[in-house]
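Undergrad: sequence plus the predicted model coming up.
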Amino acid sequence: MSFIEQPMPVLSDTLVPPVVRGTADLTDFAYQGNGYDALMQRIDRSAWNHTPAADQAARTYDAAIASQLAFRRAQGLNLQDAALVESQIFRIGGAPNGALRLLALMGPGDLMTNTPLDFLTNYLNVRLDLLYMLPDRPLPPVIPDHDIAFFALGEADPATLTRLRRLYALWPRPALNDPRFLPALERDTLSRSLAGVPGVCSPTAIAVSRPALEKHLNSGVPIERFDTPDGLYPCLIRPVSSHAGSGLSLLRSQAELAAYLRHSFERHFFVTAFEDYRDPDGFYRKSRVAFIDRQPFLCHMAISSNWMVHYLNAGMTESIEKRDEEAARMAAFDDGFARRHAAAFGAIHERFGFDYYSIDCAETRDGRLLVFEADAAAIVHLMDPPDMFPYKQPQMRKVFAAFEALLRHRVSRSAVVTAA
C-alpha cells in the first residue's frame, strides 16, 4: 500500500508530543543579537518535557533551528532529519489551557519551507502542534486531536502534492490552505496567471535551463517564451530553488549573464523581466501584504535606494524618516493602498484559493500593483523593537487577531454543518 492510500491517523486527546521552543521563539531571540551559543543555552533551559526521549527529540529539533539561524544550514538539516526519526510530531511550548487546538501539516526542509505559524500563534490563545509528512514514511498512526488543521507546506513536488491533496480532502477536522493551489505560486505560473489583469503589473517570468542560457550567449538565440518588447535585458535571474534573494541578480547585458553563470553551479533558473519601480525621489518601496480570509493587511513596507529591497537591509532602523513613512502607510492602508488596488486584490484571490497567504508588491510609476511574488510560507512577525517601531504593535496585533478569528470562524462553521 502506498503512502497515498494509507489510512488516516487516529485522533487522540491524550497524546502529548515533544514540546519545543520552535522557530518563532528562537528567531526572535536571535533577532535580538544572540548567537549560536546563547541559542543553545536557551534550548537547554527548556523544561517542558517529562521523559528523556521527548526531551532529546525536542532538543534536537530546536538545535536544528538554531543551526540554521547561525547560517549552518547543512548541519541544521541533518539535525532536523535526526529529530524526525525520533518523532514526527512536536508541540510549540507555552500553550495556555483551554486554547484552540491547531495542527499544522508540515514538510521537512529549511526555515522557508513551511508557513511559520508560531510567529502568529505565540500571541494568541492557540495551541500549535506540528505534524511532519515525510516522503519515505507514512503519517504516525496516532496524532493529537485538534479543532482545525492548517496545510503549511509552501511548495510541493508532484508526488507530495498528490498526497497532500488526498489528505486535505479526507482530513477529519476543518482544514485551511488547500494545497491544490500551491502550483499557482511558482514564479512563472504566477506571471502567466496575472498577465493582462487590469491594474496589475506581472512581469514576464520563465523557467529556463543553463543550456538554453548558454545557447543564447553563444549564438544570440532569443530565450524561448521570453517575449518582451525589449528582449532579455534588463532582467532578474535566480536559481529555481532559491528564496529571500539568494542568488538573485540584475542583468543588463550578455556579459553580465556570462559572468553570473561562471559563478553559479545551478542548472535551472527563473528569469524575470525587470520593472523599474523607483519613485521620483529615487527610492524603491516594497510592501508585504498578508491576506487573511481575503482581507488585506500591510505587514511591512521597506524603503531602499537599492532595487533589491529586503526589510533587513533597507536601513529602516537607521532612518526615522523611513519609519515615519511606514507608520503613515500602515495608518492609511485601508483607505489608501488597499482601496486603490481592491480590484487587483480581487483578481489575485480568484487565482489563489488560500485562506492565508501574502504577496510582496509595489506600485508602478503608472499606478498599477506590481506583484513580485505570492507566498503561503512568508514570515509575518512582531520582532522589531517596540521602542523604535511602536506603530507595529497595534498593526500586527490586528493581523494576529484576524488570524485567530479565521480559525475560530472555520471551527464554528464546521460545528454548525456537522450539527445540521
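TA: Now that the structure is in, tell me what you want to look at.

Undergrad: could you list the domains of the chain?
TA: 3-179, 204-273, 284-412 (automatic domain parsing).

Undergrad: so how far is the longest one from its chain's centroid?
TA: Same thing as domain 3-179. Centre-to-centre, domain 3-179 and its host chain are 15 Å apart (C-alpha atoms, centre = their mean, to the nearest Å).

Undergrad: what about whichever helix in the chain runs longest, distance to the chain center?
TA: Looking across the chain with DSSP state H, the single longest helix is helix 392-419. From the chain centre to the centre of helix 392-419 is a distance of 19 Å (C-alpha atoms, centre = their mean).

Undergrad: same for that helix, what does it pack against?
TA: Counting by 3 or more C-beta pairs under 8 Å, 6 or more residues apart in numbering; DSSP states H and E, the packing neighbours recorded for helix 392-419 are strand 100-106, helix 118-121, strand 148-151, strand 175-176, strand 284-292, strand 295-304. Any C-beta I mention is one placed from the backbone N, CA and C, and that applies to glycine too.

Undergrad: one step back: quick one, which of the domains of the chain is nearest to residue 187?
TA: Shortest distance between residue 187 and the domains of the chain, using C-beta to C-beta, is found for domain 204-273: 4.7 Å.

Undergrad: quick check: end-to-end length of that closest one?
TA: 5 Å (C-alpha to C-alpha, to the nearest Å).

Undergrad: do you know which of the helices and strands packed on helix 392-419 lies nearest residue 319?
TA: Proximity to residue 319 (C-beta to C-beta) singles out strand 295-304 among the helices and strands packed on helix 392-419, at 7.8 Å.

Undergrad: tilt between the closest one and helix 392-419?
TA: Per axes from the mean of the first three to the mean of the last three C-alpha atoms, to 10 degrees, the angle that strand 295-304 makes with helix 392-419 is 150 degrees.

Undergrad: run through who's touching the one helix or strand residue 348 maps to.
TA: Residue 348 is part of helix 342-351 when elements are defined by DSSP states H and E. Defining contact as C-beta atoms under 8 Å, 6 or more residues apart in numbering, one finds that helix 342-351 is touched by 184, 193-194, 197-200, 291, 294, 296, 338, 359, 368-369, 371, 374.

Undergrad: give me the angle between it and strand 284-292.
TA: Using the same axes, to 10 degrees: helix 342-351 against strand 284-292 is 60 degrees.

Undergrad: next, the buried residues of helix 342-351.
TA: The neighbour-count check on helix 342-351 (16 or more other C-beta atoms under 10 Å) flags 344-345, 347-348 as buried.

Undergrad: shouldn't residue 207 be within a helix?
TA: No. Per DSSP: H, G, I helix; E, B strand; the rest coil, residue 207 lies outside any helix segment and is strand.
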